[in-house]
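[1] based on what follows, work out the 3D shape:
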Amino acid sequence: MSEQQKAQEIEELTQKLSALKEQRNRLSAEADDWAQKRNKLNERFKSLRAEILELRSERDKLNEKVKELKQQRNEINVKIREEVGEAKDLSQEIKKLSGKKPSKNLQTLQKEIDKIEWKIQTTPLGLKEEKELVERVKKLETQSKVHRKLAQLNQRLLELRAEIKALETEGRLHHEKLTETAQKSQGIHEKMLAKIEESKSLKTEADRLHKQFLETKEKTRPIQKEILEISSQVKKLRGEFRREKEKEKKKSEEALREKLEKQAREKLRRGEKLTWEEFQLLAGKEW
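    Below you'll find the predicted structure:
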């Protein structure tokens, strides 16, 4: 291959190499663009995952609170049922005992008892009369006990009704708090589900971009391989071209040297004065 042919081939290969590098750089820039977009989505995905975990933790805490409030509400309802049952039993007992209630009130009965007891203690009485008075006191005390028992039962019934009312109020407040907490938990759960769906979409898109990145990078492999092959060819041709040039240069320099030596010898034979360069040139050769 002549020098001109080699020079032309080097030029053609260099142009092809330049075009391939431009194509490779364009694909690399495209791959970098895919990677940047993918990385942004992955960062957003990581951020969403952290938000989801935080929401899940908050929801779980609220659900535990709901569970606790339900248990407290149920305990209150059980207590209400127990006290309502007790109140019903008391009402029945009061109703039953009210049928035995004396016509005289407790104050009147107590006055009569006090009066009879005073009479027994202060008045000389016959055995029969005293016995009758003692029996009378017993009957009056039995009647008084009915009044006292009714008073005791009614007092307990009032207390139970007050307790039931307080428990109902407490139960209602627990139910309201429970409903509010459950609604809040549901809202957070729905927000969490929305973010999960968003994260799935982001992951799908990020995977698609990563696939595009890999496909684009894969396209650069044969181009890079061809670049290396052509670069090697160009390097080899340039080496050959340079060696041939050096060989030609050396040949030309040798021819010139021989010419100058010949001229210097002729001058020397003619007895002409040599230049320093001519003298040096002849001094370097063996005679």
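[2] can you list the low-confidence ranges for the stretch 151-287 of the chain?
    In the predicted model, the stretch 151-287 of the chain carries pLDDT under 70 at residues 284-287.
[3] so which residues of the stretch 51-200 of the chain form helices?
    Under the criterion DSSP state H, counting those that start in this stretch, the stretch 51-200 of the chain contains helices at 106-122, 127-269.
[4] mind listing what Glu22 touches?
    Taking Cβ atoms under 8 Å, 6 or more residues apart in numbering, we find Glu22 in contact with no residue. Every residue, glycine included, has its C-beta placed from N, CA and C.
[5] and the gap between it and Gly85?
    Going from Glu22 to Gly85 by Cβ to Cβ, to the nearest Å gives 93 Å.
[6] swap in Arg59?
    38 Å.
[7] tell me which of those two has more neighbours.
    Arg59 (19 against 11; other Cβ atoms under 10 Å).
[8] let me see the contact set for the closest residue in space to the more buried one that isn't next to it in sequence.
    Spatial nearest neighbour of Arg59, excluding adjacent residues (Cβ to Cβ, 6 or more residues apart in numbering): Ile188 at 4.6 Å. Residues near Ile188 by Cβ under 8 Å, 6+ apart: 55, 58-59, 62.
[9] do Leu55 as well
    Taking Cβ under 8 Å, 6+ apart as the test, what Leu55 contacts is 188, 191-192, 195.
[10] what do you get for Lys101?
    Taking Cβ under 8 Å, 6+ apart as the test, what Lys101 contacts is 146-147, 150.
[11] switch to 7 Å and redo it
    The contact partners of Lys101, by Cβ atoms under 7 Å, 6 or more residues apart in numbering, come to 146, 150.
[12] next one: Ser232
    Residues near Ser232 by Cβ under 7 Å, 6+ apart: none.
[13] what pLDDT is listed against Met1?
    With respect to pLDDT, Met1 scores 58.
[14] ok, now which ones touch the nearest residue to Lys79 once chain neighbours are set aside?
    Using Cβ to Cβ, 6+ apart and skipping residues adjacent in sequence, the residue nearest Lys79 is Leu167, 5.9 Å away. Counting by Cβ under 7 Å, 6+ apart, Leu167 touches 76, 79-80.
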